[in-house]
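> Pasted the sequence and its predicted model underneath.
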Amino acid sequence: MRCRGQKNLLPMVLITGMAGVGKSELALQYAKLKRQNEEFAGRYAYLSAANFVEDLQDFLMRSPILETPRLMDCSQPKTKAQAAWELWAEYCEEVSGQGLIVIDDVTSYGQQIRDFLPKQTAEKSPFRFVLTSRDRWEDLPFFELEELSLGAAKRMFCNAVGERHQNRVEGQMATVESLCRRLGCLPLALALTGSWLGVADAGRTLTDLITALEAADLEQAPLQPNPLATRKVAEQGLKAAFQVSWEQLPQLDASAQQLARVLGLFAPVDVPWELVKMVAEAYPVELPPVPPPRRSLFKRLWDWLRSLFGDRLESEIKIKRPIQPIRNLSEARWALTRTSLLRTLQPNETYRVHPLLHEFFQLQWNEKTDRQGWEMAFGKGLSRKAEDIPQEPTWEQLENLRPLRPHFDKAIDLLTALRKNKNNYFYKALQRRFYEQLSSCQTGVARLSQLPIFIKTHTQAQKKYQVAKNSLKQGQQETAEKEFEEAIALYETAIAQGRQALGENSLILANYLYKLADIFFERGRFVDGISYAKEAIKVAEAKASPKTLANYLNTLGLLYDKQHQYPEAESCYQRALSIREQIFGKNSVDIVQILINLGRLQTVTKKFPEAKRLYQRALSIRKKQWGGADHTDIADILNHFAAFYIDQRLYVRAEPFCQQSLEIHEAVLEKNNPNFAEVLNNFAVLCDNQRKYSRAKSLYLRSIEVTEKYLGNMHPLVAHKISNLGVMYYKQGKYFEAQELMLRSLKIRQKTLGKKHPETRYTQRWLDDIQSAISKK
C-alpha cells in the first residue's frame, strides 16, 4: 500500500477519500489479506474510532493470549488504553511479531484517538496502524483512495443489476458509462443504483433509473473535470442514489422505510437481528394516562357545578400519537437487502448498515413516523435484553454478548434524553419506567465489562498467594502455610472453571496450568506440578509461541529434576534450550538459566566434562553482560562451580569459588533469597568435608534461617539443609542432636515429597543409622 505524507512517530497510514468511495472496505480487505498470509503474528484488531478505547479493551478481553486483570485496575480511559498497549506489546515481543490495528471512520484524530495511542516511536513500536477518514491530517502519511476507474465502475454497476436482468443494460453501455460518471464512480452509489435497476419489476429500464435520479437532483458530469467539480458531482450522485433507493422501498414492502428508520436508532456497527426483533415486539409502547393540569379555584368551582347537572368531566388526558408499526419484519428486511441498503453478514443473525446510510436513515423521521414511540420501544427492547445478561456471565456468554454493548450504550443515550425531555405530556408518568430501563441497560453494560468468573477466581488466587508471601516475610509461618494452601485451592478452582468455560485447548487455560505448576515447584510439591506442566505443554505445542513453549518445558524439566527423573528432565531442558537459542541466539542472557539447569543435572549424573562446559558457557555470557563487574548473577554460577568440584571431592578447587560467591552476595543488602541460602549451604558442605565443623555449623544455621524466611519451615530445601546439618552431627557423635534434625527433615520430606521419593528414603536411612548408633551407645 503506497502512501504519501510526513513521517509519523508511530507506523501509521491514513486511507482517505470522499464518502462512499470504499475506505472501510479496503481497510477490512487489507487486514483479511494479511491475516490469510499470516503476516502479523501479533494479531489483528478492527476498531471503531467512535468507541476506540472500549473497542480496544473488548479486543483484549476476547483475546485468548493476553492477561486482562491489569486492564480492570484502570479507571481512566488514558491509563486503560496504555495498559492495553503494554499488554499487547508484551505479547508481540513474546511471539516476535507485530500487531495490525485498523481504526475505522476517524472524524477527529485529536479528540478520538491521538491521546490513546501507544507511547512508542516507529523504530520500537510492535504495532502497525491503518486509519480511515474523509479528512487528512498534516502529520499523518496518507493513501488517497480515488473513485473507481470507468471500466471497473461499469462492471460493478452491471454486477449489482444481477445476472437475471442483464437485458436491462445490454446494448446501452454508453448510457451506463455516462451514468457511472455522473455518480462519480463511487462503489456505494453504483451498488444502490444497480440494485434499483435489478429489482424484479418488468417495467424498469435504465431510462427510468436516470429519470428517478435526475428527479433527486442528479447532476451532469463536468465537461472539463477538476477535483472540486468531480467531488461535488459525486457527492450529489451519492445523495441521489440514496433518495431513489429510499423512494422505491414502499413498492417492495410497506414497512421497509420504517425498518430503515429503526435501524438508524442502533449504533453504527453490526446489528444482531435478535435485537431488532425485540425492539419491534416492544412497539407500540403503551402510554400511561396523564392527569389533567392543575386547575384554578374558579375552574374547579365551575366543574363542580357542571357535574351537578350531569356533565361528564375528563379525569385524565389521553394522548393521541401516530402509530407506525413494522407489519412484517422479514419482508421489510428482504426489501432493504435486495436494494443494497442493508448488508447480510450472517443470515437471520447479523446485519450491517453502511455508515453513510446509517446517517441517511436517521434523517428520515417525520411527525407521522412516531420517532419518540420507537425510541421508547428501543429502550424497552434493549433493557429487556440487558436484564437477560447473567450477573456473572461465562466466558462463552461474554463472547456472544459483547457485540451488543454499543447498542446498549445507544439505548442509554436515548433513555437519558427521554428522561430529560420535559415537553412530553407523559413526562412525569414515564419517569420511573425510563429510569428502570436506563438502570437495566447500565447494569447490562457493567456485566459485559466485567471479567468472567474464572479470571476473577484466578485474580483472587494471585492476591492470596502474595498475601501468603508477605506473611512469610513477617515470620508468620503457620499463617503463611494456611494462606498458601488457600491460594493453591483458588488456583485449582480457577482451572476447573476455565476448563468448563474455555475447553481443553485454550491458551488462557494453559497459562493457568503453567502458573500452578510453577507455584508447586516454588512450594516444593514437585510431583503435584508435573501433571499441570505436561498439560500446559500439550496445548502450547499446538497453539502457543515458541518462547512460551520453552518456558513451559523449562519448568517441567525442573519438576522432573527435583523428582530425580533425570532423563525426562534432560529432554525438557534440551528442547527448551534449542528453542531459546533459535529465538534469542546462542550467546543471549535468555539461555543462561537453562544452561545452568543442564549443568546441574550433568553434575548430579556424574557427567562432569559436559557440566563444566555448560557452566563455562553460562559464566562467559554473564561476564559479558555485566562487563566483568561482580554481580549476584555471576556469583550464582560460581556457586554452581563450587558444587561441581565438591561433588568430585576436589575441595581445594571448590574453596575459592565458594569464597568469591559468598563475598559477592554479602555485599548485597538484600540477602533473604534462596540463591544466597544455597551459597551458604555449599560453603557449609565444603567446611563440613574439610572437618571445619564450627564454621560449617554457623553456615548451615544461617542457610536454614534464610531458607525458612523465604520459603517457610516446611519446604524440601529446608529439609535438605537440616539433613546436611544432622549428618554432620552424626559424624561428630552428637547422635541425639542428629536424630532431632533427621526427624524434622523426614517429616518435611514425607509431607512435601512423599514417602517414596529418593530424598525421603535417603533421610530415612540416615535416621535408621543414627537410631542404631544411639541404641548401641
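Thanks, I have it.

> ok now do Lys678, which residues does it touch?
Quick fix: residue 678 reads Glu, not Lys. Asp636, Asn639, Ser703 (Cβ atoms under 8 Å, 6 or more residues apart in numbering). Glycine gets a C-beta too; all of them are placed from N, C-alpha and C.

> Around the second one, how many other residues sit close by?
For Asn639, the neighbour count with other Cβ atoms under 10 Å is 26.

> which residues touch the helix or strand hosting it?
Assigned by DSSP states H and E, Asn639 falls within helix 632-647. With contact meaning Cβ under 8 Å, 6+ apart, helix 632-647 is reached by 592, 596, 599-600, 603-604, 606, 608, 611-612, 615, 618-619, 622-623, 625-626, 651, 653-655, 657-658, 660-661, 664-665, 668, 675, 678-679, 682-683, 685-686, 689.

> In PyMOL, how would I select the buried members of these?
One line in PyMOL is enough to select the buried ones among the contacts of helix 632-647; burial here means 16 or more other Cβ atoms under 10 Å:
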select buried, resi 592+596+599+600+603+611+612+615+618+619+622+625+651+654+655+657+658+660+661+664+665+675+678+679+682+683+685+686
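
> buried stuff in stretch 149-156?
Ala153, Lys154, Met156.

> just curious, which of these is nearest to Lys534?
For the buried residues of stretch 149-156, the minimum distance to Lys534 (Cβ to Cβ) is 55.6 Å, reached by Met156.

> Can you tell me the element that closest one falls in?
helix 150-161.

> from memory Leu717 sits against Asn673, does it?
No - taking contacts as Cβ atoms under 8 Å, Leu717 lies outside contact range of Asn673: 11.7 Å.

> Of these two, which one has the most company?
For the pair Leu717 and Asn673, the greater number of neighbours falls to Leu717 (22 against 16), based on other Cβ under 10 Å.

> distance of Ile664 from Thr632?
Distance of Ile664 to Thr632, given as Cβ to Cβ, to the nearest Å: 6 Å.

> ok, back up a step: tell me the one among the contacts of Glu678 nearest to Lys368.
Closest approach between the contacts of Glu678 and Lys368, by Cβ to Cβ: Asp636, at 82.2 Å.

> all strands in the chain, in order from the N-terminus.
In the chain, the segments counted as strands under DSSP state E are 12-16, 44-48, 99-104, 127-133, 142-144, 271-272, 343-346, 350-352.

> could you give the mean pLDDT of stretch 56-69?
Mean per-residue pLDDT for stretch 56-69: 63.

> Now render the contacts of Glu678 as CSV, adding pLDDT and distance to Phe378.
Formatted as CSV, those follow (pLDDT from 0 to 100; distance: Cβ to Cβ, whole Å):
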residue, pLDDT, distance to Phe378
Asp636, 93, 65
Asn639, 95, 70
Ser703, 95, 71
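
> Nearest to Ala738, out of those residues: which one, please.
Of all the contacts of Glu678, Ser703 has the smallest distance to Ala738: 17.2 Å, by Cβ to Cβ.

> Quickly note the distance from that closest one to Gln477.
17 Å.

> Compare neighbour counts for the two and give me the winner.
Taking Ser703 and Gln477 together and counting by other Cβ under 10 Å, Ser703 has the greater number of neighbours (28 against 15).

> ok, now which ones touch the residue lying closest to the more buried one once chain neighbours are set aside?
Spatial nearest neighbour of Ser703, excluding adjacent residues (Cβ to Cβ, 6 or more residues apart in numbering): Leu680 at 3.7 Å. Residues in contact with Leu680 (Cβ under 8 Å, 6+ apart) are Leu662, Leu699, Tyr700, Arg702, Ser703, Val706.

> List the buried residues in the helix holding Asn639.
Quick answer for helix 632-647 (16+ other Cβ under 10 Å): 632-646.

> same deal with stretch 34-46?
Taking 16+ other Cβ under 10 Å as the criterion, stretch 34-46 shows Phe40, Gly42, Arg43, Tyr44, Ala45, Tyr46 as buried.

> Stretch 434-442 too?
Buried residues in stretch 434-442 (16+ other Cβ under 10 Å): Phe434, Gln437, Leu438, Ser440, Cys441, Gln442.

> Go ahead and confirm the fifth one touches Ser383.
Yes - contact criterion Cβ under 8 Å: Cys441 and Ser383 qualify, at 5.4 Å.

> Quickly list what's touching both of these two.
With Cβ under 8 Å, 6+ apart, Cys441 and Ser383 have common neighbours Ala411, Leu415.

> still on that earlier bit, other SSEs contacting the helix holding Met156?
Packing partners of helix 150-161 (3 or more Cβ pairs under 8 Å, 6 or more residues apart in numbering; DSSP states H and E): helix 173-182, helix 187-198.

> Give me the domain ranges for this protein.
12-144, 150-252, 257-294+318-449, 524-629 (automatic domain parsing).

> okay, these in a markdown table with distance to Gly498 next?
A markdown table is the format used below for the domains of the chain (distance: least, Cβ to Cβ, whole Å):
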| stretch | distance to Gly498 |
| --- | --- |
| domain 12-144 | 11 |
| domain 150-252 | 45 |
| domain 257-294+318-449 | 8 |
| domain 524-629 | 11 |
